[in-house]
Each structure stands twice: as structure tokens, then as C-alpha cells.
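1. Provide a 3D model corresponding to the input given below.
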Amino acid sequence: EWELQKSDYQIIASPLTDAHGQITGVVGVGRDITERKCAETRTRRQEPLQIALQKEQELNHIRAQMLLRLGHEFRTPLAVIQTAAEILSRYLDRLSPNQRQDYFLQINQQIRQLVDIMDDVSRTVRADGSPLAFAPSQFDGAALLQIITERFHQRHTGHQLIVTVTGDLHTLWGDAYLIDQIITNLLSNAVKYSDCTATIGLEMRLQDTLLVVRVQDEGIGILPTDAPHIFEPFYRGSNTGNVSGLGMGLSQVRDAVELHQGAIILENQPNGTAFTVHLPQPQLTAAASSAKSPSAISG
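-> Alright, predicted model coming up:
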């Protein structure tokens, strides 16, 4: 009796019937499944450990990829800074004011590039693997767009940016910092993979209950074989050649869009690439529902 109480059994029973279909008895088979139950319990207990181990392995893989890319990406800016600094140190008195200014400008540009790289790293790989902070609130989208365009013109003097706005962007909902990063990263990619004098389009419009952001370039495009992987961390298209970059920008964009419960669409075109982002706007949804309600119509 004690062994029975301490064990798990599986019993399969079937009724026995006579010629008239009346049940006259039961036949059954019992099987001790204690070992199976113990194995299932061990598996359940190990699942959280296996999940934690898998996450740690993925994080270590990302860190390793990051270090490899950093070693490559740091080399060129540091070489430019070192060369410019040596020339200024040795031949400062022989250089004209304009030549000195050019070398100082080169140094500042390369330092800015290094800062941008480190900002990308800090946003993508956090020490504890925690997700992006998400703090949505009401913000002025028109003011944010103004900041983004001014920053673009300061950093990219050769490219022409054409901005199109449809609707009133002054009252938007979302995480303004992350939306800034979405647009800035898409613009940065458009610049990086386009000719130095190419035109880049930035469109922001309110469509039904969505904020739609579209960035279009005249660049090298994305190959069909690369498209399914383009949002993976550290993935770079096979046609990018020697263009600098860590391959983290679109991964950051995807994460920020998903936090807003939005969507991002890649469109390959004959003369470039376009990314369209859809971000839900709860205040527009509420307004639309209110306008359709009987009380709102009668009022």
C-alpha cells in the first residue's frame, strides 16, 4: 500500500458486456509511470535554466559580433585622426588658415563618427540584456521633425533632403526619443548607401489612425536574398562593399517600431530603397470612435 501511494500509475480500463450488451465487468491494465512523471518534473524545472542559458548565449554572440565590427569600424576614423593630427603637429606653421581648418574639420567629423558608433552600441547591447526603455507620451511632432531636419543638414551637407508633411503633427503620441531614433537611423542609412549628392525623401503624414513615416533614397538598394535578414543585429547586405557601418541601425528601428506596436515595410525600387513605418496614434483612434458614436453625432 505504501509503494502504491508513493508511485504514479496509469490505468486503462474497458467494460465487459454480455450478449445483450449489459456490462458484466471491467478489464483494465495498470502501468507504473513514476519515472516518466519524475522526468517531466525535471524537464519543467530545467526549462527556465535552459531559456536563461540560451539568452546568455545569444547575448554573448551579439557581444562577440560587436567587438569584431568595432575593431573594423574604429580603424578608419582613428587613422584619419592620427594623420591629420600629425600633419598639424609637424607643419602647422606652413599650413594656410584654410588648410588648418580642413584638418581640424576632418578630426571633428571622425570624432563624431566614433561617437555615433558608440551610441549605436550602447543602444543595442546593454550590459544586462534589458529591453529598450519605452516611455510614450504626447509630444510635438512638428518640433521633433524640425530638430531632425536641422541635424541632418548639419551632418550631411552634400545630400538634398526633401521633406513632405501631411496633417497636423503638433500633437502626436509615442516615445519621442525612439521615434527620433527611427527616423534618424533610416536617414543615416539612406545617406550611407547613396551617392554623396543624391536626393533623400522624408515624408510624415497622418493617415486614418496612424502616423506614417517614409524615407526614400536613390541608393544601391537591398538584394532579395538579403531582405529577409536585413533587420537582424549586425547583418549587412552583401552589396554594401566597404561602406562603413555596424549593421545595427535597422535592428534598432525594428525594436523601436515593435514597442509602439507598429509595423515597418521595406520597398525595393528600381532606383533605391524606401522604408515605410506605421505607428498607431491612440488619440486619433479615440477621436474617430467618438465621432462615430450616436452621442457625438446628435451633439
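
2. Would you map the strands across the stretch 101-250 of the chain?
-> 137-139, 160-166, 172-174, 199-207, 210-216 (DSSP state E, counting those that start in this stretch).

3. So which of these is the most surrounded?
-> Compared across those, strand 172-174 shows the largest average neighbour count, a mean of 23 (mean count of other CB atoms under 10 Å). To be clear about C-beta, it is placed using only N, CA and C from the backbone, and glycine gets the same treatment.

4. Give me the contacts around that one.
-> When contacts are defined by CB atoms under 8 Å, 6 or more residues apart in numbering, strand 172-174 is touched by residues 136-141, 179, 211, 260, 279, 281-283.

5. which neighbours does it have in its sheet, and in what orientation?
-> Counting by DSSP bridges, the strands paired with strand 172-174 are strand 137-139 (antiparallel).

6. hmm, back to that, Leu223 is nearest to which of the strands of the stretch 101-250 of the chain?
-> strand 210-216 (17.9 Å; CB to CB).

7. quick one: average pLDDT of the closest one?
-> The pLDDT scores in strand 210-216 average 96.

8. So for the nearest residue to Arg151 once chain neighbours are set aside, what's the pLDDT?
-> Among residues not flanking Arg151 along the chain, Thr184 sits closest, at 7.5 Å (CB to CB, 6 or more residues apart in numbering). Thr184 carries a pLDDT score of 92 in this model.

9. isn't Thr184 right up against Arg155?
-> No. With contact defined as CB atoms under 8 Å, Thr184 does not reach Arg155; the gap is 9.8 Å.

10. Mind checking which of these two has more residues around it?
-> Thr184 (19 against 16; other CB atoms under 10 Å).

11. Low-confidence stretches in the stretch 151-299 of the chain?
-> Counting by pLDDT under 70, the low-confidence segments of the stretch 151-299 of the chain come to 241-247, 284-299.

12. sorry, back to before: quick one, which of the strands of the stretch 101-250 of the chain is nearest to Asp32?
-> strand 172-174 (58.7 Å).

13. gap between that closest one and the chain center?
-> How far strand 172-174 lies from its chain's middle: 18 Å, per CA atoms, centre = their mean, to the nearest Å.

14. likewise stretch 23-30?
-> 61 Å.

15. buried set for that stretch?
-> Residues of stretch 23-30 classed as buried by neighbour count (16 or more other CB atoms under 10 Å): none.

16. again, but for stretch 265-277
-> Under 16+ other CB under 10 Å, the buried positions of stretch 265-277 are 272-277.

17. In strands only, show me these.
-> Among the buried residues of stretch 265-277, the members falling in strands (DSSP state E) are 272-277.
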